[in-house]
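1. Take this sequence and fold it.
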Amino acid sequence: MRNTFGNHLTLTLFGESHGPEIGCVLDGLEPGLPVEEARISLLLRLRRPAGPISTARIEPDPFRIVSGVWGGRTTGAPLCILIPNTQMRSGEYQNLSAAPRPGHADYPGYVKSNGCADPRGGGHFSGRLTAALTAAGAIVLPSLERRGIRIGTRIARCGGVPDRDFADLPADLAALAQKPFPVLDETAAEAMRAAILAAAADGDSVGGILETVATGLPAGLGEPWFDTVEGLLSHALFSIPAVKGVEFGSGFAFSDLRGSQADDPFRMQGGAVVTEENHNGGALGGLTTGMPLRFRTVIKPTPTIARPRRTVDLRTGENVTVTVSGRHDPSIVPRAAIVQTAVTALVLYDLLLGDISG
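-> Residues are numbered from 1 along each chain as shown. This is a model prediction of the structure:
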């Protein structure tokens with residue numbers, strides 16, 4: 001199985017949910033980048049569970065950078081980050097080793113590994129590995145910001161409750177950067193929390209929509225056809241567990257528009273070419289336009305819920321019912337937001353490296 005993504009910057013993930021450590025290796029980083037460990041800690045904290053709307057498994061994530069950094073700067077050699085697992089309860093998965101959980105990767109992972117996959121907590125397929133993904137994004141985010149690029153992700157919808165739209169992009173992105181529950185309208189945030197708690201009380205879960213905006217990008221990033229900015233981002237975004245759809249700009253709403261409504265006319269503003277609207281989400285022909293890059297992902301409800309679920313016993317071939325115990329999020333949406341920001345940062349940094357190298 002392959003676990004590496006990227007062209008000029010490659011990221012490899014390793015580890016299992018209940019193994020001793022998870023981690024990542026970044027290869028292709030520019031030498032001399034300042035490494036902000038406080039920023040890594042912040043992003044890991046924003047990903048961490050937050051009270052009753054999240055799982056009770058709270059990992060402190062005391063990461064270690066074991067290579068690729070000297071004197072606080074990248075050396076250009078592969079950079080490896082290790083994050084220990086300390087809060088496992090592996091016994092809760094003993095009865096699931098041959099009974100795949102509905103909605104999880106248990107069954108296809110079992111087949112892919114010829115029955116050798118680690119079943120505890122989802123093993124290598126677990127959302128636990130997004131901690132390493134988040135730490136990797138935190139390595140390159142400061143470099144993007146020094147280039148004037150800002151990235152932020154909000155919960156656009158959760159449990160049927162919508163947030164307000166972006167208004168003042170610089171102010172809204174700055175506000176989201178510190179929020180563990182990244183919603184712009186606090187009234188909507190309270191209603192979302194209530195919807196998550198209501199689902200949890202019913203032994204159920206809810207999904208939602210995340211929206212990411214990146215500003216300050218130059219025009220022309222990306223490649224035509226196979227390495228488009230939308231294609232590379234989508235490729236990476238679908239690595240986030242529970243992402244089941246991606247749309248850019250107006251997305252599926254294009255189906256209800258005419259060409260005269262959706263073509264984003266060009267004009268000059270302050271000596272720069274801009275578009276009057278941004279239905280295309282800052283990308284045309286697979287390349288960035290210089291307008292804000294804007295996209296949304298759909299996050300499905302957490303499939304592990306406290307209700308009996310129908311499955312099969314892989315040893316006997318019989319239909320069975322399982323009840324999954326353990327500690328699970330009634331909604332993964334709030335914690336996935338910072339992961340989406342980190343993934344976006346990795347893809348954009350990779351594209352910038354390609355643009356620099358020609």
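2. what residues does stretch 248-265 touch?
-> 230, 275-284, 291, 294-296 (CB atoms under 8 Å, 6 or more residues apart in numbering). The C-beta positions use only the backbone N, C-alpha and C, and glycine is treated the same way.
3. In strands, which of those residues fall?
-> Among those, the subset assigned to strands under DSSP state E consists of Thr275, Ala283, Leu284, Arg294, Phe295, Arg296.
4. TSV please, covering those residues and showing distance to Arg101.
-> Shown next, in TSV, are those (distance: CB to CB, whole Å):
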residue	distance to Arg101
Thr275	45
Ala283	37
Leu284	42
Arg294	34
Phe295	29
Arg296	27
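5. now the lowest-mean-pLDDT helix or strand in the chain, how far from the centre of its chain.
-> Of all helical and strand segments in the chain, the minimum by mean pLDDT, DSSP states H and E falls on helix 106-112, at a mean of 87. On the basis of CA atoms, centre = their mean, to the nearest Å, helix 106-112 sits 22 Å off its chain's mean C-alpha point.
6. Quick check: buried residues in it?
-> Residues Asp106, Tyr107, Gly109, Tyr110 are the ones in helix 106-112 that count as buried (16 or more other CB atoms under 10 Å).
7. thinking again about what came up before, out of the ones in strands among the contacts of stretch 248-265, which one sits closest to Gly15?
-> Nearest to Gly15 among the ones in strands among the contacts of stretch 248-265 is Phe295, at 28.3 Å by CB to CB.
8. Let me see the mean pLDDT of the longest helix along the chain.
-> Determined from DSSP state H, the single longest helix within the chain is helix 333-357. For helix 333-357, mean pLDDT is 93.
9. Which strands and helices lie in contact with that helix?
-> Using 3 or more CB pairs under 8 Å, 6 or more residues apart in numbering; DSSP states H and E, the elements in contact with helix 333-357 are helix 37-47, helix 130-146, strand 150-158, strand 208-215, helix 229-237, strand 293-299.
10. export these to a markdown table and tack on distance to Trp70?
-> Output for the helices and strands packed on helix 333-357, formatted as a markdown table (distance: least, CB to CB, whole Å):
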| stretch | distance to Trp70 |
| --- | --- |
| helix 37-47 | 14 |
| helix 130-146 | 14 |
| strand 150-158 | 27 |
| strand 208-215 | 30 |
| helix 229-237 | 28 |
| strand 293-299 | 33 |
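11. the inter-axis angle of the helix or strand harbouring Ala199 versus strand 150-158?
-> Applying DSSP states H and E as the criterion places Ala199 in helix 186-201. Interaxial angle of helix 186-201 relative to strand 150-158 (axes from the mean of the first three to the mean of the last three CA atoms, to 10 degrees): 60 degrees.
12. confidence score at the nearest residue to Lys112 once chain neighbours are set aside?
-> Excluding the flanking residues, the one nearest Lys112 by CB to CB, 6 or more residues apart in numbering is Met1, at 6.6 Å. As predicted, Met1 sits at a pLDDT of 84.
13. Next, count neighbours for Met1.
-> Other residues near Met1 come to 7 when the count uses other CB atoms under 10 Å.
14. How about Tyr349?
-> By other CB under 10 Å, the residues close to Tyr349 number 26.
15. Run through this protein and note the low-pLDDT ranges.
-> Filtered on pLDDT under 70, the chain yields the residue ranges 56-57, 88-97, 325-327, 356-358.
16. what residue of it is the furthest out?
-> The outermost residue of the chain, judged against the average C-alpha position, is Thr316 (37.0 Å), by CA atoms, centre = their mean.
17. what about that one, is that helix, strand or coil?
-> Put simply, Thr316 is coil when judged by DSSP: H, G, I helix; E, B strand; the rest coil.
18. if we can go back for a sec, spatially, which two of the buried residues of helix 106-112 are the most separated?
-> Once CB to CB is applied, the buried residues of helix 106-112 give Tyr107 and Gly109 as the farthest pair, at 7.1 Å.
19. Name the surrounding residues that touch stretch 194-211.
-> Contact with stretch 194-211 is made by 52-53, 153-161, 166, 192, 242, 294-307, 328-331, 333, 336-337, 340, as judged by CB under 8 Å, 6+ apart.
20. Now the buried members of those residues.
-> In these, the ones that pass as buried (16+ other CB under 10 Å) are 53, 153-159, 161, 166, 192, 242, 294-306, 328-331, 333, 336-337, 340.
21. So what's the residue count around the closest residue to Gly76 other than its chain neighbours?
-> Sequence neighbours aside, Pro31 is the residue nearest to Gly76 in space, at 3.6 Å (criterion: CB to CB, 6+ apart). Number of residues near Pro31 (other CB under 10 Å) recorded here: 11.
22. Likewise for Ala253?
-> 11.
23. That one in helix, strand or coil?
-> Using three-state DSSP, the secondary structure recorded for Ala253 is helix.
24. how close does it sit to His279?
-> Ala253 sits 8 Å away from His279, going by CB to CB, to the nearest Å.
25. same thing with Arg294?
-> Counting by CB to CB, the gap from Arg294 to His279 is 10 Å.
26. do the same with Arg315
-> Separation of Arg315 from His279 (CB to CB): 53 Å.
27. more crowded one of those two?
-> His279 (18 against 9).
28. so who does the more buried one touch?
-> Listed by CB under 8 Å, 6+ apart, the contact set of His279 reads Gly249, Ser250, Phe254, Leu257, Gln261, Ala262, Asp263, Asp264.
29. Out of those residues, give me the one that has the most neighbours.
-> The residue in the contacts of His279 with the most neighbours, by other CB under 10 Å, is Gly249 (23 neighbours).
30. re earlier: quick check: buried residues in the longest helix of the chain?
-> Counting neighbours by 16+ other CB under 10 Å, one finds that the buried residues in helix 333-357 are 333-354.
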